[in-house]
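Colleague: A structural model of the following input is requested.
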Amino acid sequence: MRYAVLSDVHGNLEALEAVLRDTRRGRLDACLCLGDTVGYGPDPNECAARIRALGGPVIAGNHDLAAAGVLDPSAFTPLARAAIEWTRDVLTQETRAWLATLPPRLDDPAFLAVHGSPRDPIEEYILDLPTSLAIFSDHAFSLCLVGHSHVPGAFILQADGAVSARRLPVGRGVRLARAARYIVNVGSVGQPRDGDPRASYLVLDTTARTITLRRLEYAVAATQEKMAARGLPTPLAERLAVGR
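Modeller: Numbering: from 1, shown residues only. Down below sits the predicted model:
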């Protein structure tokens, strides 16, 4: 089975459409979305419609639930809160209802998928070795797919107990060793934060046991112009150009 694994679209239609064009060329079997389809960006309803039309599994992110009124955004940064308030105002009833019913995790025989982490699927970030080791210790999985931080990469637990953090090469398949365990962050489609403004997604081949990070140029300026026209905070638009 070959999956396109997307996360953190964040209402960025131009980035999402660039990714979807790429997935169509890749002859993939299914698309899996790890949450935060909305929030920050100017096209939440359009992005939700595109993701729903793919027909693959979709799980909830913190911005999805906040936009749907299920999660209190008081802990968000001021910029994120402003964007969520705008998003709430423009969501259709159909989109709001869909977001509110998204599940927090997907347990597949080949992987576990969450937005944040296995112990807090919606809101916890996995950013360092101690956090990853605690999660490896407390949860049984060989591969966990996550988003949330907008930074692609992997934490790896070897058979001898050693834990490491690795960057993923762009466009080159990485084979997953059967003796090791992995937490893999697929990055962000609509708002990367690793210094690379290109849209990010992952191709997972569960038969070959490989992962491949894909990065794609998209029309950043078009998204920025929409954000300005719709009154979204200027720093949220500016950061798209630098991947921060």
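Colleague: what's in contact with stretch 237-244?
Modeller: Residues outside stretch 237-244 that contact it (C-beta atoms under 8 Å, 6 or more residues apart in numbering) are 12, 191-198, 220, 223-224, 227-228. C-beta coordinates here come from the backbone N, C-alpha and C atoms, glycine included.
Colleague: Distance of the residue in the chain sticking out farthest from the centre relative to Ile59?
Modeller: Largest separation from the mean C-alpha position in the chain: Asp160, at 30.1 Å (C-alpha atoms, centre = their mean). Between Asp160 and Ile59 the computed distance is 32 Å (C-beta to C-beta, to the nearest Å).
Colleague: Next: Leu213.
Modeller: Plainly put, Leu213 is 20 Å away from Ile59 if you go by C-beta to C-beta.
Colleague: what do you get for Val19?
Modeller: To Ile59, Val19 is 17 Å away according to C-beta to C-beta.
Colleague: and what of Thr210?
Modeller: 22 Å.
Colleague: try Gly69
Modeller: Following C-beta to C-beta, the distance that separates Gly69 from Ile59 is 18 Å.
Colleague: Settle it for me: which of these two has more neighbours?
Modeller: Using other C-beta atoms under 10 Å, the more surrounded residue of Gly69 and Ile59 is Ile59, with 23 against 13.
Colleague: Look at Gly39 and tell me its secondary structure.
Modeller: Of the three states, Gly39 takes coil under DSSP: H, G, I helix; E, B strand; the rest coil.
Colleague: cool, Glu123 as well?
Modeller: Assigned with three-state DSSP, Glu123 falls in the coil class.
Colleague: Can you get me a residue count around it?
Modeller: As a burial measure, Glu123 scores 14 neighbours (other C-beta under 10 Å).
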